[in-house]
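Asker: The following block contains a protein sequence and its predicted model.
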Amino acid sequence: MNPVVKTRPGAPARFFEAEAAGLRWLAAARGARIARVIEVSPGRIVLERIETGRVDAAAAASFGEALAIMHDAGAAAFGAKPDGWDGPVFIGRLQQSCRPEKNWGAFYAEQRVRAFVAPAVEAGNLTPADATVVEQACDVIAAGAFDDDEPPARIHGDLWNGNVLWSPEGVVLIDPAAHGGHRETDLAMLDLFGCPHLDIIVGAYERAHPLRAGWRDRVPVHQLHPLAVHAVGHGPAYGAELVDAARRTLALAR
C-alpha cells in the first residue's frame, strides 16, 4: 500500500519532526489508533495510508473507549511536550508554547488562549474591545476557576473531525498538537467542529472514564483554544465565536 508523503517547502525548523514525536507519543499510550510514522526528515514525513471505512456506531464506541485510554496514559505536567521531544510544538501551521505548569488553568489561559489574542487582533479578526473580554476570561481561568483534581491527560490537542479518520479497522487519528492537557479539551474540540456519532463516542468514553459533573457546561471554556487559533488566520467569524465563548466562560465563573 502506498504511504502518504507530506512535504512543505519553507516549513519551520523541525516541523515534521514535531508531528512525528506527537504521533509516536500518542501511539505509545496503546489507546486510540494513531497513524504510523514510517520515516521523518527535515521538510518531509512519511505516514501509513489510512483507507476509508464505514462511519458507524460500533467504530464510534470503540473510539470513545480508546480515547479515554489514551488520555489516561497521562503526561508529566500540564503543558508537557511528548516524552523525549525538546523541539517546537505546532497546531496547524502556528507554533505554540509548551512550558510545564502545575495547574491546568495557568497553562491553558496563558499558552493556549492569551497567546493568540494579539495575533488575532493584528489580523483584523478580533476587535480590541472583544479582545478585552477574552483577556478577562483568561484571567478567570488562570486564577483557577476551572481547575480540578484531574491529572494531566495525554491529549491529541487538535482533535477536530478532519483529524479523525474512519478506516475499515476503526478510527485512526492524524495531525496532533499533542501535549499534557485536560481531557475535556479534546472532547470539546470534537463538539466544536462536529463529529459523527459524537454521543456514542462520549458515552463509551464515560464508561471507560467517567467525566466530572458539569463537563458539558464547561465546553465553551475548552473551545477557547481552537477558536483563538482560528481567529488568527481564518476570518472574523471565528473572532466572534471566540468572544461568545469567552462571555459564556465568564458567566460560568460567576
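Answerer: Right, received. Where do you want to start?
Asker: distance of Arg49 from Val4?
Answerer: Going from Arg49 to Val4 by C-beta to C-beta, to the nearest Å gives 5 Å. To be clear about C-beta, it is placed using only N, CA and C from the backbone, and glycine gets the same treatment.
Asker: what's the answer for Asp217, then?
Answerer: 39 Å.
Asker: again, but for Pro210
Answerer: When distance is defined by C-beta to C-beta, Pro210 is 36 Å away from Val4.
Asker: Neighbour count: Asp217 and Val4, which is higher?
Answerer: Neighbour totals were compared for Asp217 and Val4, and Val4 leads with 14 against 11 (other C-beta atoms under 10 Å).
Asker: Read off the pLDDT value for the nearest residue to the more buried one once chain neighbours are set aside.
Answerer: Of all residues beyond its chain neighbours, the one nearest Val4 is Leu47 (4.7 Å), with distances taken as C-beta to C-beta, 6 or more residues apart in numbering. Listed pLDDT for Leu47 reads 97.
Asker: Once you drop chain neighbours, what's closest to the most centrally placed residue in the chain?
Answerer: Centroid check for the chain by C-alpha atoms, centre = their mean gives Gly157 as the closest residue, at 1.9 Å. Nearest residue to Gly157 in three dimensions, chain neighbours excluded: Ala177, at 3.6 Å (C-beta to C-beta, 6+ apart).
Asker: thought that neighbour was touching Gln96?
Answerer: Yes. Taking C-beta atoms under 8 Å as the definition, Ala177 is a contact partner of Gln96 at 7.1 Å.
Asker: Pull up the overlap in contacts between the two.
Answerer: 89-90 (C-beta atoms under 8 Å, 6 or more residues apart in numbering).
Asker: Those two - which one has more neighbours?
Answerer: Shown here are Ala177 and Gln96; by other C-beta under 10 Å, Ala177 has more neighbours (25 against 19).
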